[in-house]
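**Student:** here you go, sequence then predicted model.
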Amino acid sequence: MTEQQHGEQFDVVVVGGGAIGENVADRAGRTGLRVALVEHGLVGGECSYFACMPSKALLRPGGALAAARAVPGAAGAVSGGVDAAAAFAWRDETTHGWDDSSQVAWLDSTGITLLRGHARFVGPRTLEIAGGDAPRRVQARHAVVLATGSWPVMPDIPGLADVEPWTSRDATSAHAVPPRLLVLGGGVVGVEMATAYTELGSQVTLVVRGPRPLAGAESFAGDQVVTALRERGARVLLGSEVASVQKTPTGIAVTVTGDGAGTVEVDRVLVAAGRRPGTTELGVETIGLEPGRPIQVDDALCATGVDGGWLFAAGDVTGRTGTTHQGKYDARVAGDVVAARFGGEDDGRAAESGAKPWSRFRASADHQSVPQVVFSHPEVAWVGLTEAGARQAGLDVQVVDYDLADIAGASVFAKDYTGQGRLVVDRARGVVVGATFVGPEVAEMLHAATIAVVGEVPLDRLWHAVPAYPTVSEVWLRFLESAGL
Ligand SMILES: Cc1cc2nc3c(=O)[nH]c(=O)nc-3n(C[C@H](O)[C@H](O)[C@H](O)COP(=O)(O)OP(=O)(O)OC[C@H]3O[C@@H](n4cnc5c(N)ncnc54)[C@H](O)[C@@H]3O)c2cc1C
Ligand SMILES: NC(=O)c1ccc[n+]([C@@H]2O[C@H](COP(=O)([O-])OP(=O)(O)OC[C@H]3O[C@@H](n4cnc5c(N)ncnc54)[C@H](O)[C@@H]3O)[C@@H](O)[C@H]2O)c1
């Protein structure tokens, strides 16, 4: 066959130039492989332009104000609430005005070839790229890595499509605050955006299906978030669902069923009902996979549903990770595996083929120590197993709870500090398998817990890790004392 029939050849083709695709491409090229990265939108993907960065920029002003208000001596200097226009302007700065030229410049510096356009499989290892500068066919000699991310789920609710509902993209890129906003869904997006828009001055109604938001966290986390949202003026309807939506002359009437049954009139509806993997419009049926389903992978990030070991995937498209940090961890593993299997020296290949769990070629942490931060106010941060998760896994657990307000560091951090910590210990091994913190700025405390869980550090050794006085991290000492040390 001619090059025209095969298409342009690369050693590795990465589809999707979000944070995950960028990291795979970078590491896959480290043993000399020729790598192409295909992107149909902005290089940097959701996280840089529509998700992590803009949402955190919108949340930070409210957090900073609350922090100052909680400190006598500083509180008097705070008058008024968040300046929404200035917050939006700062968000615009963090997203570089939705201009990806700095990320493109970084790609250029690495030697990765950027192909602009929409990639679609036409068969194994072969893709057609449409809509870019130069539509073309490309073939991967060794591997294709899918890093196509995910898209918001739009529930099939009568009338919803007619009111131009916001997705998280709209909420993170808006330049005006809807006076009244209904947020559908009590997951991480729902909680963060309900917090941000309440602080930006909107009258927010958060509709949560279950008894509390953040169903994957310890229950006290969701409860404390609800209390704080209500204290700030938001309405939180628990045990509730949106049944229908209708335009009215003065706004949008949302009919809610369940414990919060009634009609709420708002100016905008934000749908935060979860995400589906980006495997539609990708031609995966030509390689024997079903569109709309996640790409199943093993711990080397190699797809299990395709023969030949040439297809890899990482990030949201796998359904295995749902955050940038964990997706990037998988991306580093995927890139290193590809670099070792298809490029480089024999010893690299041997190291990879004999790789054991916890080697740099296996994404072992995905199974036991995934960190998650919700940047609400209070923040919620956890890693590993919750109490319920540990019991479900059959562990004999010791649960150690501590009120963070009782820590000396908390009493000087903020007046009337409110927060909670929980350690979940596997009694049989005497190691921490999970930890949760709720409170102001607890996100920064999480990594110590992640190290304890990944390192399986025995409690009697943790006893020698002395937290500085007076920090809120002294909770670690209190945890251990409460555990009987
Ligand atoms: C509102 C919000 C806030 C979040 N906040 C955080 C946070 O604070 N911290 C955190 O860790 N995580 C956060 N997340 C999750 C995080 O954004 C995702 O886990 C992360 O973006 C996934 O990265 P990815 O590279 O897999 O996918 P994406 O970032 O979606 O990148 C996929 C890329 O592939 C491209 N693409 C798709 N199909 C094709 C194709 N066929 N051809 C060419 N290009 C294609 C897309 O244009 C896109 O650029 C947040 C998510 C949301 C929605
Ligand atoms: N700080 C962070 O790390 C961060 C921030 C935002 C998002 N994310 C990630 O982005 C992804 C998407 O977040 P998300 O919050 O959209 O999804 P999610 O799956 O975390 O939560 C969706 C919520 O919507 C609810 N829901 C679904 N359909 C509903 C309906 N019809 N009516 C009422 N409720 C409904 C679900 O019960 C669930 O609680 C997740 O992987 C999340 O971890 C991470």
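**Tutor:** Done, it's in. Ligands and ions are numbered 1, 2, ... in the order given.

**Student:** next, count neighbours for the residue of the chain at minimum distance from ligand 2.
**Tutor:** Minimum separation of the chain from ligand 2 (Cβ to the nearest ligand atom) falls at Gly187, amounting to 1.9 Å. Any C-beta I mention is one placed from the backbone N, CA and C, and that applies to glycine too. Neighbour count for Gly187, taken as other Cβ atoms under 10 Å: 19.

**Student:** before we move on, what about Gly123?
**Tutor:** Gly123 has 11 nearby residues by other Cβ under 10 Å.

**Student:** just list whatever residues bridge to it.
**Tutor:** Thr126 (DSSP bridges).

**Student:** that one reaches Val284, doesn't it?
**Tutor:** No: the criterion here is Cβ atoms under 8 Å, and Gly123 misses it with Val284 at 11.3 Å.

**Student:** need the longest strand for the protein.
**Tutor:** strand 136-146 (DSSP state E).

**Student:** just checking, next helix/strand downstream of it?
**Tutor:** strand 150-152 (DSSP states H and E).

**Student:** could you grab the helix/strand/coil label for Asp307?
**Tutor:** coil (DSSP: H, G, I helix; E, B strand; the rest coil).

**Student:** and it, how far is that from Thr286?
**Tutor:** 14 Å (Cβ to Cβ, to the nearest Å).

**Student:** Ile112 too?
**Tutor:** Ile112 is 25 Å from Thr286, by Cβ to Cβ.

**Student:** how about Val242?
**Tutor:** 38 Å.

**Student:** of those two, who's got more company?
**Tutor:** Val242 (25 against 14).

**Student:** so what's the gap between the host helix or strand of that one and the chain middle?
**Tutor:** Using DSSP H and E, Val242 maps to strand 240-248. Taking Cα atoms, centre = their mean, to the nearest Å, the mean C-alpha location of strand 240-248 is offset from the chain mean by 28 Å.

**Student:** residues in contact with that strand?
**Tutor:** With contact meaning Cβ atoms under 8 Å, 6 or more residues apart in numbering, strand 240-248 is reached by 155, 157-160, 162-163, 165, 182, 184, 207-209, 252-261, 265, 269.

**Student:** if we use 10 Å, what do you get?
**Tutor:** Residues outside strand 240-248 that contact it (Cβ atoms under 10 Å, 6 or more residues apart in numbering): 155, 157-165, 182, 184-186, 205-210, 252-266, 269, 271, 273.

**Student:** tell me which of those residues fall in strands.
**Tutor:** 182, 184, 205-207, 252-258, 262-266, 269, 271.

**Student:** pull up the pairing partners for the longest strand of the chain, direction included.
**Tutor:** strand 8-15 (parallel), strand 126-130 (antiparallel), strand 311-313 (parallel).

**Student:** just say which of the ones you listed is most tucked in.
**Tutor:** Of the strands paired with strand 136-146, the one with the most neighbours on average (mean count of other Cβ atoms under 10 Å) is strand 311-313, at a mean of 29.

**Student:** now it: average pLDDT?
**Tutor:** The average of the pLDDT scores along strand 311-313 is 98.

**Student:** does it come close to ligand 1?
**Tutor:** No: for strand 311-313, no contact with ligand 1 is found by Cβ under 6 Å from any ligand atom; the gap never falls below 9.2 Å.

**Student:** ok, stretch 26-38 next?
**Tutor:** Yes: residues of stretch 26-38 contacting ligand 1 under Cβ under 6 Å from any ligand atom: Val38.

**Student:** quote the end-to-end distance of that stretch.
**Tutor:** 13 Å (Cα to Cα, to the nearest Å).

**Student:** repeat for stretch 294-307
**Tutor:** Length of stretch 294-307, first residue to last, Cα to Cα: 17 Å.

**Student:** likewise for stretch 357-366?
**Tutor:** 11 Å.

**Student:** which of the residues in it are buried?
**Tutor:** For stretch 357-366, the neighbour count (16 or more other Cβ atoms under 10 Å) marks 361-363, 365-366 as buried.
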